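Engineer: Sequence plus the predicted model coming up.
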Number of protein chains: 2
Amino acid sequence: MKKLYLMTPGPTPVPEAVMLEMAKPIIHHRTAQFQEIIKQVEEDLKYVFQTKNDVLIFASSGTGAMEAAVCNLLSAQDTVIVVRTGKFGERWTEICKAYGVKSVDIDIEWGYAADPKIIEDALKKEPNAKAVFVTLCETSTGAEINTKAIADITSKTKAVLVVDAISGLGACQLKTDEWGVDVVVSGSQKGLMIPPGLGFVSVSPKAWELVKQSKSPKYYFDFVASKKALDKTDTPYTPAITLIIGLAKALKMIKEETIEAVWSRHAKMAQATRAAVVAMGLELFAPTAPSAAVTPVKAPAGIDGEQIVKLLKSKYGIWVAGGQAQLKGKVFRIAHLGYMTATDILMTISALEMVLVELGVKIKQGAGIAAAQQELAKK
Amino acid sequence: MKKLYLMTPGPTPVPEAVMLEMAKPIIHHRTAQFQEIIKQVEEDLKYVFQTKNDVLIFASSGTGAMEAAVCNLLSAQDTVIVVRTGKFGERWTEICKAYGVKSVDIDIEWGYAADPKIIEDALKKEPNAKAVFVTLCETSTGAEINTKAIADITSKTKAVLVVDAISGLGACQLKTDEWGVDVVVSGSQKGLMIPPGLGFVSVSPKAWELVKQSKSPKYYFDFVASKKALDKTDTPYTPAITLIIGLAKALKMIKEETIEAVWSRHAKMAQATRAAVVAMGLELFAPTAPSAAVTPVKAPAGIDGEQIVKLLKSKYGIWVAGGQAQLKGKVFRIAHLGYMTATDILMTISALEMVLVELGVKIKQGAGIAAAQQELAKK
């Protein structure tokens, strides 16, 4: 019998109740029944985003929502600052380039978060910068930025702060309005616990001012059209009906748990994972800026990280992620994101110990799992 | 007990087998298992599109795929011809406008198809036009264009023919390669029988030449990135995994039925619907260019079309569509599209007769259903 356990940072497991909800006969979107769902989803998204701003919904992957942010806020020749902490930070630059937006790129060594001071200095050098782009949780390196400190800086400038929270939302603490974050971009297949296919963007009043000035071409991702439809509890084009129905259910689960408890659960799973791998004698890839969503671990000397990924999957049915881009083979990444619990961490760490032993890595069996247990038992 | 029967032109009913396939635990997209699905889906899409060209897949609604066609084929200041047979034809103009593309709009009276001669003349007047945009089945009016005749004309010019086959694909005959159609745009929630959230674009070699010249900004919908990924049986960004898994199943059903049989089934359902409403004494909205996908019927004198829609739904659970834009209240639209059979038509026509009698419309009860039966019994 094959039983699979998804421990990847997106797609993440979809709760059984959500799967069944989405498997119901499809309904038409131009109905009071679907409007009721949109209304509830919008209210609950605002809760998860911790904002009073509209959260626009697109049938697209997270990258589509990232592009939406760029083409709605900016015009060709505008200057922006892009803080690049990994592969996904680089995507902001690529999208800006496609639209002729000049990006001043701040490259942070992979595995580290950006010192907010660097952003402050960059904004002083580029006082006309219209936006600062950051990645809340850089899925490729596991580093989490200090959003609050960065928002403190951008709030005092005319630049808007745009946060890619695709893998961060619903895992890492994010207080959009309280901290003064202008634009939060996210996707469906991470902390929101549903399959991929929906993108989200929350837009602050300061950001709407930029939208008014933007001359970039856009149609499908047009914020104004999207907002106009949303005001009538509608979508401008046919929405991804089943995914939105699944989202309604998943958001209800988050609300029942409360967002604070969701954050704590992720923080606890992350702490347990880190304590465990360190106790095993392995090294964390991003020890100074560990995220609540995913923990990349350096492959032990002489071992290909991909081998660990493969063995965990073939022997124990556990899918962790390998390294991306320059980290391929060098790290493996354990997600603690979305529909996952302490029990999943116990299972993953236990299996990891067995795999390492099988690969001939010298570890003290049980040390990792004991460390995880101790962290998880803490109040 | 409430039992619902979706007879709308999108979303259309999703086969139970497809729903259950999509309800299975989610799998990761960077796996051999998912690559196998992508490979099969691509092969089967080519069969349904009747083309050897690549069919690019996007996580978006059909409108996203329409925008993809415009921003990948054209640049600002290019001239194109847009044949507008209804609401969806107008969308081509709007998208072109967003990208600074000059559209020469040919407005056809709603309910009629475009005489190919008009397109031939327009191309003579605009010899530099890079593309001709048409709508295979104009969902708002039910009119179907003569794609073959139009392709005969565009093939002899340097303009590419771009067909919005969102509601037409898998219902109306479309022989992409044999007829010389360059670009076919479609969506998932119509003839392909899955929920909304996927857009498709097939691209001919002649169209790829235009892609090379296009200077419009794009990222998420970039054909080159999409094709590059497809060549490695991959997608550039996280795909809408569950929808693609459902699509694989739905395409398998179409292939088993054969595309020719699918076209015949739709043609037969459409003929039966038309014969029935005419026999009842009602009037077709698009009698000269009836489509195989949807039949709009004029509301009888003194009756609001919306009333018919409402009663069909509340009393019999049958959802037909109302009129869109200027046709609101004036027509109701019966779809025969996707996962629908002759039996669904019999049920709809029977219920329609009862609703008309209840509304006081003078019809000969049974006349409509008898006409439908006769059409359906024909070999």
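Structural biologist: Yep, it's here.
Engineer: Could you report the neighbour count for A:K330?
Structural biologist: The tally of other residues near A:K330 (other CB atoms under 10 Å in any protein chain shown) stands at 15. Every C-beta, even on glycine, is put in place using the N, C-alpha and C of the backbone.
Engineer: my guess is it contacts A:I303, does it?
Structural biologist: No: between A:K330 and A:I303 there is no contact under CB atoms under 8 Å: 10.2 Å.
Engineer: near chain B, which residues of the stretch 151-300 of chain A?
Structural biologist: Residues of the stretch 151-300 of chain A lying close to chain B (CB under 8 Å from any CB of the partner chain) are A:187, A:189, A:195-197, A:216-220, A:222, A:236-243.
Engineer: repeat that for 6 Å
Structural biologist: A:P195, A:P196, A:G197, A:P217, A:Y219, A:Y220, A:Y237, A:T238, A:A240, A:I241, A:T242 (CB under 6 Å from any CB of the partner chain).
Engineer: Looks to me like the last one is in a helix.
Structural biologist: Just to be clear, that refers to A:T242. Yes: counting by DSSP: H, G, I helix; E, B strand; the rest coil, A:T242 falls inside a helix.
Engineer: Touching, it and B:P195? I think so.
Structural biologist: Yes: if you go by CB atoms under 6 Å, A:T242 and B:P195 touch, sitting 4.1 Å apart.
Engineer: what about the closest residue to A:A165 other than its chain neighbours, how many residues close to it?
Structural biologist: In this structure, A:A165 finds its nearest non-sequential neighbour in A:L136, 4.3 Å apart by CB to CB, 6 or more residues apart in numbering or on different chains. The number of residues packed near A:L136 is 28, by other CB under 10 Å.
Engineer: residues in contact with A:L136?
Structural biologist: Counting by CB atoms under 6 Å, 6 or more residues apart in numbering or on different chains, A:L136 touches A:V163, A:A165, A:G168, A:C172.
Engineer: so which of those comes closest to A:G86?
Structural biologist: Of all the contacts of A:L136, A:G168 has the smallest distance to A:G86: 12.6 Å, by CB to CB.
Engineer: picking that back up, if you look at the residues of the stretch 151-300 of chain A next to chain B, which of them are in helices?
Structural biologist: A:I241, A:T242 (DSSP state H).
Engineer: Let's have the residues of the stretch 151-300 of chain A next to chain B in CSV, adding pLDDT and neighbour count.
Structural biologist: Converted to CSV, those look like this (pLDDT from 0 to 100; neighbours: other CB atoms under 10 Å in any protein chain shown):
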residue, pLDDT, neighbour count
A:P195, 98, 30
A:P196, 98, 28
A:G197, 98, 32
A:P217, 98, 22
A:Y219, 98, 22
A:Y220, 98, 30
A:Y237, 96, 23
A:T238, 96, 24
A:A240, 98, 32
A:I241, 98, 23
A:T242, 98, 30
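Engineer: For A:M280, state which of the contacts of A:L136 is nearest.
Structural biologist: Nearest member of the contacts of A:L136 to A:M280, counting by CB to CB, is A:C172, at 24.7 Å.
Engineer: Count the residues that sit near the residue lying closest to A:G89 once chain neighbours are set aside.
Structural biologist: Closest residue to A:G89 apart from its sequence neighbours, by CB to CB, 6+ apart: A:T135 at 4.9 Å. Applying other CB under 10 Å, we find 32 residues neighbouring A:T135.
Engineer: Does A:T135 touch A:E90 like I think?
Structural biologist: No: A:T135 is not in contact with A:E90 according to CB under 6 Å; the separation is 9.6 Å.
Engineer: Show the contacting residues for whichever residue of the stretch 1-150 of chain A sits closest to chain B.
Structural biologist: Closest approach between the stretch 1-150 of chain A and chain B, counting by CB to the nearest CB: A:A23, at 3.6 Å. Counting by CB under 6 Å, 6+ apart, A:A23 makes contact with B:M19, B:A23.
Engineer: what residues go with each domain of chain A?
Structural biologist: A:5-10+A:258-377, A:16-256 (automatic domain parsing).
Engineer: roughly how far apart are the residue nearest to A:G89 and B:P239?
Structural biologist: To B:P239, A:T135 is 21 Å away according to CB to CB, to the nearest Å.
Engineer: How about A:V134?
Structural biologist: Taking CB to CB, one finds A:V134 at 26 Å from B:P239.
Engineer: what about those two, which has more around it?
Structural biologist: Each of A:V134 and B:P239 has its neighbours counted (other CB under 10 Å); A:V134 has more, 29 against 26.
Engineer: For the stretch 201-350 of chain A, just list every one of the helices.
Structural biologist: Counting by DSSP state H, counting those that start in this stretch, the stretch 201-350 of chain A has helices at residues A:205-213, A:223-231, A:241-257, A:259-279, A:305-316, A:342-358.
Engineer: Over to the residue lying closest to A:K46 once chain neighbours are set aside: give its phi and psi.
Structural biologist: Spatially, and ignoring its direct neighbours in sequence, A:K46 is nearest to A:V55 (6.0 Å; CB to CB, 6+ apart). Dihedral pair for A:V55: phi -110, psi 110, per degrees, to the nearest 10.
Engineer: Now for A:V55, how many residues are close by?
Structural biologist: For A:V55, using other CB under 10 Å, the count is 22.
Engineer: On the pLDDT front, check it for me.
Structural biologist: Here the pLDDT value assigned to A:V55 is 98.
Engineer: Same check on A:V201?
Structural biologist: So, for A:V201, pLDDT stands at 98.
Engineer: How about A:Q33?
Structural biologist: Model confidence at A:Q33 (pLDDT) stands at 94.
Engineer: show me what contacts it?
Structural biologist: A:Q33 touches A:I27, counting by CB under 6 Å, 6+ apart.
Engineer: Show the end-to-end separation of stretch A:121-140, please.
Structural biologist: Distance across stretch A:121-140, first residue to last, is 26 Å (CA to CA, to the nearest Å).
Engineer: and what of stretch A:106-115?
Structural biologist: End-to-end distance for stretch A:106-115: 11 Å, by CA to CA.
Engineer: circling back to that earlier point, output the residues of the stretch 151-300 of chain A next to chain B in CSV; the columns should cover distance to A:C71.
Structural biologist: Below are these laid out as CSV (distance: CB to CB, whole Å):
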residue, distance to A:C71
A:P195, 25
A:P196, 21
A:G197, 20
A:P217, 7
A:Y219, 10
A:Y220, 10
A:Y237, 16
A:T238, 21
A:A240, 20
A:I241, 25
A:T242, 27
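Engineer: which of the residues of the stretch 151-300 of chain A next to chain B lies closest to A:A122?
Structural biologist: Of those, the one sitting nearest to A:A122 (CB to CB) turns out to be A:P217, at 28.1 Å.
Engineer: Quick check, that closest one in contact with B:Y99.
Structural biologist: Yes: counting by CB under 6 Å, A:P217 touches B:Y99, with 4.6 Å between them.
Engineer: So the residue sitting nearest the centre point of chain A: helix, strand or coil?
Structural biologist: Geometric centre of chain A, nearest residue: A:S167, 1.3 Å, by CA atoms, centre = their mean. The local conformation at A:S167, judged by three-state DSSP, is coil.
Engineer: picking up where we left off before, of all the domains of chain A, which one is nearest B:I153?
Structural biologist: domain A:16-256 (27.5 Å).
Engineer: quick one on the thing from earlier: now tabulate the helices of the stretch 201-350 of chain A in a markdown table and tack on distance to B:Q374.
Structural biologist: Output for the helices of the stretch 201-350 of chain A, formatted as a markdown table (distance: least, CB to CB, whole Å):
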| stretch | distance to B:Q374 |
| --- | --- |
| helix A:205-213 | 58 |
| helix A:223-231 | 44 |
| helix A:241-257 | 36 |
| helix A:259-279 | 61 |
| helix A:305-316 | 59 |
| helix A:342-358 | 62 |
